[in-house]
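Chemist: Any chance you can model this:
(chains A and B)
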Amino acid sequence: MAAAITTETGAWVGTVPFLAYTGVFLLLPTGIVVWNAFKGNTGHWTFANISALNTGLVRSAFTGSLELCVISSLIGAVLGALLAYAVASGNPDGVVRRLYLAGSGVLAQFGGVTLAFAFLAAIGPTSGFYFHAPWFYDFPWGIAVIYCYFQIPLMTLVFLPAIDGLRAQWREAAESLGGSTWQYWRHVGAPLLAPAFIGATLLLFANALSAFATIEAWEDQISYVVPQSISTSLISEVGLANVHEGDALAFGMIVLVVIVMSGYFLLQRRAARWQR
Amino acid sequence: MTKLVAAAKQEGTLNVIALPNDWANYGTIIKTFTTKYGIKVNSIAPSDSSAQEVTQIEQKKGTSLAADVLDVGGSVATASTSLFAPYKVATWDSIPAGLKDPSGLYTGDYGGYMSVGYNSTKFGTITSLSQLLGKAFKSAVALNGNPTEANAALNGVMMANLAEGGTAGNIADGVNFFHKLKTAGNYVPVQATPATIKAGTTPVVFNWDYLNTAAVVGQPASTWKVFIPSNATLGGFYYQAINKQAPHPAAARLWEEYLFSQTADGGQNLWLQGGARPSEQVAMTSNGTIDKTAASALPPVVGTPIFLTEAQATAAATYLAANWAKAVS
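Modeler: Purely as a prediction, here's the structure:
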């Protein structure tokens, strides 16, 4: 009995670093943002910041964020899933697969000023092959193309385990019952993969939603998305700074992320049933 | 002055904020100050904006990490006077009345004119802003920042506004000019930096003349030219202010004395060498303390300079907040 208690306490102690870490770096800042979203500049409670979310400018920032996230996550999801399937159908211990996964691991983290500048170097006037077209600067398509550079590899990484989970026996079973390739995908493959696919797409969506440095380097002079509006509310030196409005914008993003990530976890739970 | 130097040396440190080394010669200015007085300069967040400077002194209030002195744009200076300590430097009388708060809460230190920096090998000579709408300038023209955030960018739009026949009180024509640039495919929204200029992505940049010099953008002087339109000579000054709760009050005041000093190695002449126009330039020209070589190297200004009033700057910012993104996207 005594031993059991020690083990249980020991197990709890093990979670302390994790809980302390998420507490200090996730829950506390979130709490402060939400708290301040309801504070005025003189420290009183107010709904003014929240109601400021319903102005044309803020609505267009949220619309911009949604457009960019939907476009870049859908392109990323479809292309990434196809690549994941290609990788999965190759030799599981082959060099190609290992190279591909290592490359995706690096590229999925490749963002920010580095990515924007790499892109400039690649398509810019000094690159040698000149296709420096103005539409690359257009929102949302131009910037969405750049986002795909990290969205596609991320999709490949998170979707590959789901494809690996498709057992060869299922396909053999379908074929031995006279099913065609189309019927196999229509009735077996697609339904099995759908939750994982939608879940991974939502992950890409959240990934694009919070990206700031890439678009800020690329479209520095215009605020298209919410993180840029938050930046304006913090750093504007021409008199448009309002820290509490920035908190309200961040609160709006938190709500959006909570919705998206809840969807992700629900689907993930369903998807996990097939991967055990 | 001797007492001030002694007290500042006793403190030994000075915290400055938002001073990039390549901005108006600040790198040299800080180094010279340290050599001269043996005071260590802590340069906090060199690339912060004026608004962030004020946030920093509020957040770090009462700690040794707070910035002692600020270098801020006009609208931030007038909005934050409750945080400043009044101080009049020894050369107070040399500073034009329009550039200082009467009680010394903030004092104009240096400034310049809005200009167009460009690659003259690629585009020849630019003599008017309307040229920029032509086919030769496809994907070429950039601002220094977002005009709803950065003072330099707001003034860039205002320069276009004045060149297009608009008035300082209404920036609409300037926004419309950028809308035409965008429609022509000539507008580049990328943040203009020496790196993007080198890569050829932003070969035409609207910025303060002292930030647009060949030396600052890292281009050879033979191919990088700076143009100030005669029908849109728009000036802007930055302001010095001392944090009321400065952790190093004596060093802060010595720094101000140094910045406004008219000696050969004082702040005024060093700013001038960096391409900026020091606030005591007129007085120094008449008393002969000015660095003549540096003064003659400044880009020529022919028109009558316009300086935005607070009300005009605020009206411009309000209009931009509502219309800028729509016009250029």
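
Chemist: now what about stretch A:96-113, what contacts it?
Modeler: Applying C-beta atoms under 8 Å, 6 or more residues apart in numbering or on different chains, the contact partners of stretch A:96-113 are A:83, A:87, A:90-91, A:118, A:149-150, A:152-154, A:156-157, A:160, A:211, A:213-214, A:217. Every residue, glycine included, has its C-beta placed from N, CA and C.

Chemist: change it to 10 Å
Modeler: Stretch A:96-113 has contacts (C-beta atoms under 10 Å, 6 or more residues apart in numbering or on different chains) with A:80, A:83-84, A:86-88, A:90-92, A:94, A:115, A:118, A:146-147, A:149-158, A:160, A:207, A:211-218, B:191, B:193, B:195.

Chemist: among these, which ones are buried?
Modeler: Buried by 16 or more other C-beta atoms under 10 Å in any protein chain shown: A:80, A:83-84, A:87-88, A:115, A:146-147, A:149-158, A:160, A:207, A:211-212, A:214-218, B:191, B:193, B:195, out of the contacts of stretch A:96-113.

Chemist: so of the residues you listed, which ones are in strands?
Modeler: Using DSSP state E, no member of these sits in strands.

Chemist: so who does the nearest residue to residue A:175 once chain neighbours are set aside touch?
Modeler: Computed as C-beta to C-beta, 6 or more residues apart in numbering or on different chains, the closest residue to residue A:175 that is not its neighbour in sequence is residue A:184, at 7.3 Å. If a contact means C-beta under 10 Å, 6+ apart, then residue A:184 has A:166, A:170-175, A:177, A:190 as its contacts.

Chemist: Please tabulate those residues in a markdown table and include distance to residue B:327 as additional columns.
Modeler: Below are those laid out as a markdown table (distance: C-beta to C-beta, whole Å):
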| residue | distance to residue B:327 |
| --- | --- |
| A:166 | 51 |
| A:170 | 56 |
| A:171 | 56 |
| A:172 | 61 |
| A:173 | 61 |
| A:174 | 57 |
| A:175 | 60 |
| A:177 | 63 |
| A:190 | 45 |
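
Chemist: Let me know the closest of these to chain B.
Modeler: Nearest to chain B out of those is residue A:190 (C-beta to the nearest C-beta; 37.9 Å).

Chemist: so who does that closest one touch?
Modeler: With contacts defined as C-beta under 10 Å, 6+ apart, residue A:190 is in contact with A:184, A:197.

Chemist: Could you tell me whether it really is in a strand?
Modeler: No. Per DSSP: H, G, I helix; E, B strand; the rest coil, residue A:190 lies outside any strand segment and is helix.

Chemist: Tell me how far it lies from residue A:269.
Modeler: 19 Å (C-beta to C-beta, to the nearest Å).

Chemist: what about the helices in the stretch 51-200 of chain B?
Modeler: B:74-79, B:120-123, B:151-163, B:172-183, B:194-198 (DSSP state H, counting those that start in this stretch).

Chemist: Looking at these, which one is packed in the most?
Modeler: Among those, helix B:151-163 has the highest mean neighbour count (mean count of other C-beta atoms under 10 Å in any protein chain shown), at a mean of 26.

Chemist: Could you give the separation of stretch A:42-58 from the chain centroid?
Modeler: Put simply, stretch A:42-58 sits 27 Å off its chain's centre (C-alpha atoms, centre = their mean, to the nearest Å).

Chemist: Apologies, that question was intended for stretch B:260-273.
Modeler: 16 Å.

Chemist: before we move on, could you check phi and psi at the residue in the stretch 151-300 of chain B positioned nearest to chain A?
Modeler: The minimum distance from the stretch 151-300 of chain B to chain A, using C-beta to the nearest C-beta, falls at residue B:191 (3.4 Å). For residue B:191, the backbone dihedrals (degrees, to the nearest 10) come out as phi -60, psi 120.

Chemist: again, but for residue A:46
Modeler: As for residue A:46, its main-chain torsions (degrees, to the nearest 10) stand at phi -160, psi 160.

Chemist: correct me, but it touches residue A:244?
Modeler: Yes. Using C-beta atoms under 10 Å, residue A:46 is in contact with residue A:244, at 8.3 Å.

Chemist: which of those two has more neighbours?
Modeler: The residue with more neighbours, out of residue A:46 and residue A:244, is residue A:244; 20 against 15, by other C-beta atoms under 10 Å in any protein chain shown.

Chemist: Can I take it that the more buried one is in a helix?
Modeler: Yes. Assigned with three-state DSSP, residue A:244 falls within a helix.

Chemist: does residue 33 belong to a helix or a strand, and which?
Modeler: You didn't say which chain, so I picked chain A. According to DSSP states H and E, residue A:33 maps onto helix A:28-37.

Chemist: oops, I was thinking of chain B
Modeler: Using DSSP H and E, residue B:33 maps to helix B:26-37.

Chemist: contacting residues around that helix?
Modeler: By C-beta under 10 Å, 6+ apart, the surrounding residues in contact with helix B:26-37 are B:5, B:8-9, B:12, B:14, B:16, B:18-21, B:23, B:25, B:39-43, B:46, B:71, B:251, B:254-255, B:258-259, B:263, B:265-267, B:270-271, B:273-274, B:276.

Chemist: Out of those residues, name the ones that lie in helices.
Modeler: Those of these mapping onto helices are B:5, B:8-9, B:251, B:254-255, B:258-259, B:267, B:270-271, B:273, per DSSP state H.

Chemist: what two of these have the greatest distance between them?
Modeler: Across the ones in helices among the contacts of helix B:26-37, no pair lies farther apart than B:9 and B:273, at 26.2 Å, counting by C-beta to C-beta.

Chemist: Who has more neighbours out of those two?
Modeler: Legend: neighbour count by other C-beta under 10 Å for residue B:9 and residue B:273, higher for residue B:273 (17 against 14).

Chemist: Give the closest residue to the more buried one in space, chain neighbours not counted.
Modeler: In this structure, residue B:273 finds its nearest non-sequential neighbour in residue B:294, 4.6 Å apart by C-beta to C-beta, 6+ apart.

Chemist: Show me what the helix or strand the one you found falls within is packed up against.
Modeler: Using DSSP H and E, residue B:294 falls within helix B:292-296. Helix B:292-296 sits against helix B:267-273, strand B:277-278, helix B:281-287, with contacts defined as 3 or more C-beta pairs under 10 Å, 6 or more residues apart in numbering or on different chains; DSSP states H and E.
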